[in-house]
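Participant: Just to be clear, the model below is a prediction. Sequence and coordinates:
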Amino acid sequence: MPGGKALHGGSETNKYGVFISENGVFMWPPCSGVNDLFLPEVRVRVSKMLSERGLSQHQIASLLGVTQTMVSRYLRKEPQILLEPLESHAQALALELAESLRRGEGDDVRVKMICSQCMELRSSKAFCPLCSVKDSASCMACVELLTGSRFAENERVVQEINQAVHILNRKDISFLIPEVRSNIAMCLPGAETPLDVAAIPGRLVLLEGELKTLSPPRFGSSRHLSRVLLSAREVDSRIRAVMNLRWSERYREPLERAGYGISYLKREVHGELPGGCAKALRKGTRFLVDPGGFGIEPALYVFGEGAVQVALTVIAIAELIKKKGGE
């Protein structure tokens, strides 16, 4: 694409006019090229298709969410012929989007069209020319992310958290929900950062005795709980899920009598959470008590190998505590 838009400073450009650099490439991922080079070309084609169908510039502007002046520019501009397979995909995507707009479908339909096309082209390495990676031929970042098991595993984690919430609502555990509210988090196998950990955005909300979620589980949505979980995994890599609950010393005896091993955080020895978790949690135990302090509510962290296992454990200890009259 002659005269392509430069994405960042550099001394060398590829065939699309994208500057290539040895440094700082991570700040200019393929999405930058898609947004700056591919989608503008698609917008031009969609505008022309809608105009050919008799729509006015004002109508097109309203549909595309741009100004009439911008539509006028799109209509004056000649489509640039892209290298294959981008050319065929750009034309096909523009046709799909134009038809979707004509049919009056929702924005979510068109977002799915664009994102699925982007994912397909990135996973097939067709978008490599739009990327600033110097040796894009050997780069496998998009392929590994989009064609491997990661997305399937992400979905499994999200679904398991949803299942865990349903399990928690089978019994009344309201007395175990702290003032700061509870959350349940689960990580991917081999998790390294909070972005590898999914939880409920906004935490679990207790309404009329039932736990509600304000939005679906999302990765990277609970900074504190995710770091507690990652810290626990330093002790036992089998741990992949955690839930925070209210703690009372009344719970200690029934839990210990039932054989539950409990670790206790001592701030003067182990430090603060989340980092102190790795020092306080004994290998083989699945409960960690944070006794709290000034302005810090006492908490019980229940760990497990999955969100469902954690939920079942929480139900079991809730029943046990109730039976012993400790709630």
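Facilitator: Received it, and whenever you're ready, just let me know what you need. Numbers count the residues shown, from 1 in each chain.
Participant: any idea how far the residue nearest the centre of the chain is from L188?
Facilitator: What sits nearest the mean C-alpha location of the chain, by CA atoms, centre = their mean, is F219, with 3.4 Å. Note on F219: its distance to L188, by CB to CB, to the nearest Å, is 8 Å. Heads up, the C-betas are built off the backbone N, CA and C, glycines and all.
Participant: K324 too?
Facilitator: For K324, the distance to L188 equals 37 Å [CB to CB].
Participant: Please identify which of these two sits among more neighbours.
Facilitator: Just comparing K324 and L188: by other CB atoms under 10 Å the higher neighbour count belongs to L188, 18 against 15.
Participant: The nearest residue to R246 once chain neighbours are set aside sits in which helix or strand?
Facilitator: Excluding the flanking residues, the one nearest R246 by CB to CB, 6 or more residues apart in numbering is P178, at 4.1 Å. For P178, there is no host helix or strand (DSSP states H and E).
Participant: check contacts around P178.
Facilitator: 244-246, 297, 299 (CB atoms under 8 Å, 6 or more residues apart in numbering).
Participant: In those residues, find the pair that's most separated.
Facilitator: Among the contacts of P178, the pair separated by the greatest distance (CB to CB) is L245 and E297, at 10.6 Å.
Participant: Of those two, give the one with the bigger neighbour count.
Facilitator: Taking neighbours as other CB under 10 Å, L245 and E297 compare with L245 leading, 21 against 13.
Participant: Tell me the helix or strand right after the host helix or strand of the more buried one.
Facilitator: Taking DSSP H and E as the definition, L245 sits inside strand 241-246. Counting by DSSP H and E, the next helix or strand C-terminal to strand 241-246 is helix 252-257.
Participant: Quick one: distance of that following helix to the chain centre.
Facilitator: On the basis of CA atoms, centre = their mean, to the nearest Å, helix 252-257 is displaced by 37 Å from the centre of the chain it belongs to.
Participant: contact partners of the following helix or strand past that helix?
Facilitator: The element immediately downstream of helix 252-257 (helix or strand, assigned by DSSP H and E) is strand 262-264. Strand 262-264 is contacted by residues 252, 255-256, 280-282, 285, 287-289, 291 when judged by CB under 8 Å, 6+ apart.
Participant: Restricted to helices, list these.
Facilitator: 252, 255-256, 280 (DSSP state H).
Participant: which among those residues gets closest to Q68?
Facilitator: Within those, proximity to Q68 (CB to CB) peaks at A280, which comes in at 63.1 Å.
Participant: what's the distance between the closest one and Q309?
Facilitator: For A280 relative to Q309 (CB to CB), the value is 21 Å.
Participant: if you count what's nearby, which of these two comes out ahead?
Facilitator: Using other CB under 10 Å as the criterion, A280 and Q309 rank with A280 on top: 24 against 19.
Participant: My read is that R43 contacts K77, right?
Facilitator: No - the pair R43 / K77 is not scored as a contact, 9.8 Å apart, by CB atoms under 8 Å.
Participant: These two: which is more packed in?
Facilitator: Neighbours per residue, other CB under 10 Å: of R43 and K77, the larger number sits with R43, 18 against 14.
Participant: The more buried one: which element?
Facilitator: Secondary structure from DSSP H and E places R43 in helix 39-52.
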